[in-house]
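Q: this one's structure only:
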Ligand SMILES: Cc1cc2nc3c(=O)[nH]c(=O)nc-3n(C[C@H](O)[C@H](O)[C@H](O)COP(=O)(O)OP(=O)(O)OC[C@H]3O[C@@H](n4cnc5c(N)ncnc54)[C@H](O)[C@@H]3O)c2cc1C
């Protein structure tokens, strides 16, 4: 039998935060539901209370200004990222990752916020957010705080978020605009599958950044890689930072091998 829960769809942020404060760990936010609903159906998540956030005003807000950078509301879907011209032109790494996430049907429902709060080690959207110095704006009845994605992920499906906190917005600084990069993702099924391993290379003020998914308990960022290193040297730095495991998808050894293969493939394109 499917687990039963109470459902509310507040129309204001204050109402949502009050419900979350009242119900604490027994409440779950529902965004696109592409992680939450399968988890409820499989008995992995058993919330007593589900709070739908899609009816809040400005949920889908996606704006860029040179002063504030890119501001993505919690309801911005993966498809909306792909459609947005400013993102394609100024933050192409976000579009590259979005393009690799699941299928059209899932992308139309799935949100960027849900992807990062779900905190899967194979999250696609975590990689560009790490490479672009993005931050999460977390809000609750106790106030608001801003957390860099470098500190956001703490383990498989675990983040720094406290009970009652809501990810209201994701911000990408204007200084990260126009960063070049490339993303490669290994999947079992072409077109729509979670990653076996994902590697993003991005230019940065200090030289190069490499972000890797599905190769450690959390998505990994290796920053501070100076310009001019060859692929073997970059791979050696990245191999030290990852901790892949054997699982049903493949072995740790194969993951390490593919991380190196993608670095060798993408580095010439990013260094051009
Ligand atoms: C067939 C299929 C294929 C998939 N393929 C991929 C893939 O290739 N790559 C990938 O990265 N993911 C993939 N996923 C996972 C999923 O689609 C993404 O993680 C998606 O972005 C989740 O967003 P959502 O809006 O559906 O989140 P939901 O399912 O609504 O929520 C996910 C979690 O985040 C919480 N949450 C959501 N929004 C907020 C918020 N604003 N504040 C606080 N908590 C919040 C929820 O309570 C829940 O715990 C796939 C899923 C399916 C079903």
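A: Arrived safely, thanks for sending. Only a predicted model underlies this, so the values are computations on that prediction, with no experimental measurement involved. Numbers count the residues shown, from 1 in each chain.
Q: Three-state assignment for residue 123, please.
A: Here residue 123 takes the coil state, with states given by DSSP: H, G, I helix; E, B strand; the rest coil.
Q: Look at it and report its pLDDT.
A: With respect to pLDDT, residue 123 scores 97.
Q: Spell out which parts of the stretch 51-200 of the chain neighbour the ligand.
A: 53, 74, 101-102, 106, 109-111, 113-115, 117-118, 122-124, 166-167, 192, 194 (CB under 6 Å from any ligand atom). All C-beta spots, glycine's among them, are computed from the backbone N, C-alpha and C.
Q: show me where pLDDT drops low in the stretch 151-272 of the chain?
A: 190-193 (pLDDT under 70).
Q: Do a quick rundown of the helices in it.
A: Using DSSP state H, counting those that start in this stretch, the helices of the stretch 151-272 of the chain run over residues 231-241, 252-271.
Q: what's the closest of the ones you listed to the ligand?
A: helix 252-271 (16.1 Å; CB to the nearest ligand atom).
Q: roughly how far is that closest one from the heart of the chain?
A: In terms of CA atoms, centre = their mean, to the nearest Å, the centre of helix 252-271 is found 21 Å from the chain centre.
Q: got the angle between it and helix 231-241?
A: Angle, helix 252-271 to helix 231-241, by axes from the mean of the first three to the mean of the last three CA atoms, to 10 degrees: 130 degrees.
Q: contacts for helix 252-271?
A: 180-184, 186, 196-197, 199, 201-203, 208, 210, 212, 214-215, 230-231, 234-235, 238-239, 242, 244-246 (CB atoms under 8 Å, 6 or more residues apart in numbering).
Q: do the same with stretch 157-164
A: So stretch 157-164 is contacted by 17, 20-21, 24-25, 116-120, 138, 140-142, 147, 151-154, 167 (CB under 8 Å, 6+ apart).
Q: Which among those residues count as buried?
A: Neighbour counting by 16 or more other CB atoms under 10 Å classes 17, 20, 116-120, 138, 140, 147, 152-153, 167 among these as buried.
Q: circling back to that earlier point, quick one: buried ones out of the residues of the stretch 51-200 of the chain next to the ligand?
A: Buried among these (16+ other CB under 10 Å): 53, 74, 101-102, 106, 109-111, 113-115, 117-118, 122-124, 166-167, 194.
Q: which residues does residue 91 contact?
A: 70, 128, 132, 172, 176-177, 179.
Q: What does the pLDDT read for it?
A: At residue 91, the pLDDT value in this model is 98.
Q: From residue 40, how far off is it?
A: 33 Å (CB to CB, to the nearest Å).
Q: quick one, strands of the chain?
A: Remark: strands assigned in the chain by DSSP state E are 6-8, 27-30, 49-52, 62-65, 69-73, 135-140, 143-148, 153-155, 158-159, 166-172, 181-186, 197-204, 207-213, 220-225.
Q: Single out the residue in the stretch 101-250 of the chain that lies closest to the ligand.
A: Closest point on the stretch 101-250 of the chain to the ligand, by CB to the nearest ligand atom, is residue 114, at 2.2 Å.
Q: List the contacts of that residue.
A: So residue 114 contacts 31-32, 34-36 (CB under 8 Å, 6+ apart).
Q: what do you get for residue 13?
A: 56, 139, 166, 168.
Q: Which members of the residues you listed are classed as buried?
A: 56, 139, 166, 168.
Q: Between these, which sits nearest residue 79?
A: Distance to residue 79, by CB to CB, is smallest for residue 56 among the buried ones among the contacts of residue 13, at 19.0 Å.
Q: Against residue 45, how distant is the closest one?
A: Residue 56 is 21 Å from residue 45, by CB to CB.
Q: likewise residue 64?
A: Following CB to CB, the distance that separates residue 64 from residue 45 is 34 Å.
Q: tally of neighbours for residue 149?
A: 25 (other CB atoms under 10 Å).
Q: which residues sit against stretch 212-227?
A: Contacts of stretch 212-227 (CB under 8 Å, 6+ apart): 119, 121-124, 126-127, 130-131, 150, 153-156, 185, 194-200, 204, 206-211, 234, 237-238, 241-244, 249, 255-256, 259.
Q: Hmm, I typed the wrong one, I wanted stretch 53-64.
A: 9-13, 16, 29-31, 70-77, 80-81, 84, 86-87, 90, 166, 169, 174.
Q: Can you give me the buried ones in that stretch?
A: Quick answer for stretch 53-64 (16+ other CB under 10 Å): 53-54, 56, 59, 62, 64.
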